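Colleague: Give the three-dimensional model of this entry:
(chains A and B)
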Number of protein chains: 2
Amino acid sequence: MTKIAQTAIEADPKLPIIRLTRDFAATPAQLFRAHTDPELFVLWNGPDSLTNKIDYWDARTGGSWRYVSSRAGEHGDEEYAFHGSFHEVGPDRIVQTFTFEGEPSGVALETLWFEDLGDGRTRLHAQSLVDSFEGRDAWLRSGMEVGVNEGYARLEKLAAEGRL
Amino acid sequence: MTKIAQTAIEADPKLPIIRLTRDFAATPAQLFRAHTDPELFVLWNGPDSLTNKIDYWDARTGGSWRYVSSRAGEHGDEEYAFHGSFHEVGPDRIVQTFTFEGEPSGVALETLWFEDLGDGRTRLHAQSLVDSFEGRDAWLRSGMEVGVNEGYARLEKLAAEGRL
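Modeller: Residues are numbered from 1 along each chain as shown, chains lettered A, B, ... in the order given. This next block holds a predicted model:
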């Protein structure tokens, strides 16, 4: 199987979905922890320019989460807040909702799953479903790939350092 | 505005969405209570042949819910269980996830909103978004309109009886 070293970001041609795919030198259990342990999540969730702070986080089926990403700006801190619900938290699959509070009407349904490639490697699949192509395409044009790529590079570094 | 007395059930031609629309002789606040108060919800959620029992229900942003619908069968009770998360609970809009546990891989993102028509009447809009047209169309073919129509008829009756 070909190694996917950079994140593949694909817009489905027929569904309002973005799909991310990336390989990691980590086990499924390690990637699961990286996405459910808040102390690990804040260390890698991108982009690099922002610092993540958990407001609340209850990573179980039926739980919910909120975090605030910020950086010092000329006129005080810039803050971006996000929240959602954990619909399903299992070792092989996480299903959660996601809202950026700067655009509160928008809600994405995210599904993550961990494909074991053997030899301690795992392919991460992340799918985001929204209710319009316009919303999906605006998200793609927003520069989201910077946060995705910087975040997953930090996640890879945590795995290499044995911190997952 | 034309009265929508029966539920309009529409499959979006370009998105994997089912949209339900129905008018009620009730205020938005009454419809909100009917969807968030578990003691009211069990009284109307259809179809008529099933009895609803709440397992857990926390109707606030970040809460979750589960109920079991059952009927006596020849070989003991038939039970159908459903669960999800309340992503957003507000007076004008409810966003929640929905899974029928008989098909646990399927997750719908449901958005409900209450359009005030004046004179104590409200148009209920309910949108269910899933991640494939096949899943959406299977749901449409499942006979879901029976539960929808019987349930909303009971909801209308609760409103007429002043019980909302």
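
Colleague: Show the contacting residues for A:L112.
Modeller: Neighbour list for A:L112: A:H35, A:R93, A:I94, A:V95, A:Q96, A:L124, A:H125, A:A126, A:Q127 [criterion: C-beta atoms under 8 Å, 6 or more residues apart in numbering or on different chains]. Any C-beta I mention is one placed from the backbone N, CA and C, and that applies to glycine too.

Colleague: so it is in which element?
Modeller: Here A:L112 is covered by strand A:108-118, with elements defined by DSSP states H and E.

Colleague: in the sheet, who's paired with the closest residue to A:H83 other than its chain neighbours?
Modeller: Nearest non-adjacent residue to A:H83, counting by C-beta to C-beta, 6 or more residues apart in numbering or on different chains: A:R66, 3.8 Å away. Per DSSP bridges, the residues bridged to A:R66 are A:Y56, A:H83.

Colleague: swap in A:A108?
Modeller: On the basis of DSSP bridges, A:A108 is bridged to A:F98.

Colleague: got it, and A:R93?
Modeller: Taking DSSP bridges as the rule, A:R93 bridges to A:W113.

Colleague: related to what we said a few turns ago, closest one of the contacts of A:L112 to B:A59?
Modeller: Nearest to B:A59, judged by C-beta to C-beta, of the contacts of A:L112 is A:Q96 at 18.9 Å.

Colleague: Could you measure from the closest one over to B:R154?
Modeller: For A:Q96, the distance to B:R154 equals 33 Å [C-beta to C-beta, to the nearest Å].

Colleague: Compare the two (neighbour count), which wins?
Modeller: A:Q96 (23 against 17; other C-beta atoms under 10 Å in any protein chain shown).

Colleague: Which neighbouring elements make contact with the helix or strand hosting the more buried one?
Modeller: Using DSSP H and E, A:Q96 maps to strand A:93-100. Applying 3 or more C-beta pairs under 8 Å, 6 or more residues apart in numbering or on different chains; DSSP states H and E, one finds that strand A:93-100 contacts helix A:28-36, strand A:76-89, strand A:108-118, strand B:76-89, strand B:93-100.

Colleague: would you turn those into JSON lines with mean pLDDT and distance to B:F41?
Modeller: Shown next, in JSON lines, are these (pLDDT from 0 to 100; distance: least, C-beta to C-beta, whole Å):
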{"stretch": "helix A:28-36", "mean pLDDT": "98", "distance to B:F41": "30"}
{"stretch": "strand A:76-89", "mean pLDDT": "96", "distance to B:F41": "19"}
{"stretch": "strand A:108-118", "mean pLDDT": "98", "distance to B:F41": "22"}
{"stretch": "strand B:76-89", "mean pLDDT": "96", "distance to B:F41": "11"}
{"stretch": "strand B:93-100", "mean pLDDT": "98", "distance to B:F41": "12"}
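
Colleague: quick one: buried residues of the lengthiest helix in chain A?
Modeller: Longest helix of chain A, by residue count under DSSP state H: helix A:144-160. By neighbour count on 16 or more other C-beta atoms under 10 Å in any protein chain shown, the buried set for helix A:144-160 is A:M144, A:G147, A:V148, A:N149, A:E150, A:G151, A:Y152, A:R154, A:L155, A:E156, A:L158, A:A159.

Colleague: and that helix, what does it pack onto?
Modeller: Packing partners of helix A:144-160 (3+ C-beta pairs under 8 Å, 6+ apart): strand A:17-24, helix A:28-36, helix A:38-44.

Colleague: Now with 6 Å, please.
Modeller: In terms of contacts (3 or more C-beta pairs under 6 Å, 6 or more residues apart in numbering or on different chains; DSSP states H and E), helix A:144-160 is packed against strand A:17-24, helix A:38-44.

Colleague: Buried deepest among the ones you listed, which one?
Modeller: By mean neighbour count, with neighbours taken as mean count of other C-beta atoms under 10 Å in any protein chain shown, strand A:17-24 ranks first of these at a mean of 20.

Colleague: From the rest of the structure, what touches that strand?
Modeller: A:3-4, A:7-11, A:122-129, A:152, A:156, A:159 (C-beta atoms under 6 Å, 6 or more residues apart in numbering or on different chains).

Colleague: mind checking how far that strand is from the chain centre?
Modeller: Strand A:17-24 has its C-alpha centroid displaced from the chain centroid by 10 Å (C-alpha atoms, centre = their mean, to the nearest Å).

Colleague: Pull up the pairing partners for that strand, direction included.
Modeller: Strand A:17-24 has these strand partners (DSSP bridges): strand A:8-11 (antiparallel), strand A:121-129 (antiparallel).

Colleague: now what about the first one, what contacts it?
Modeller: Read that as strand A:8-11. Contacts of strand A:8-11 (C-beta under 6 Å, 6+ apart): A:I18, A:R19, A:L20, A:T21, A:L140, A:E145.
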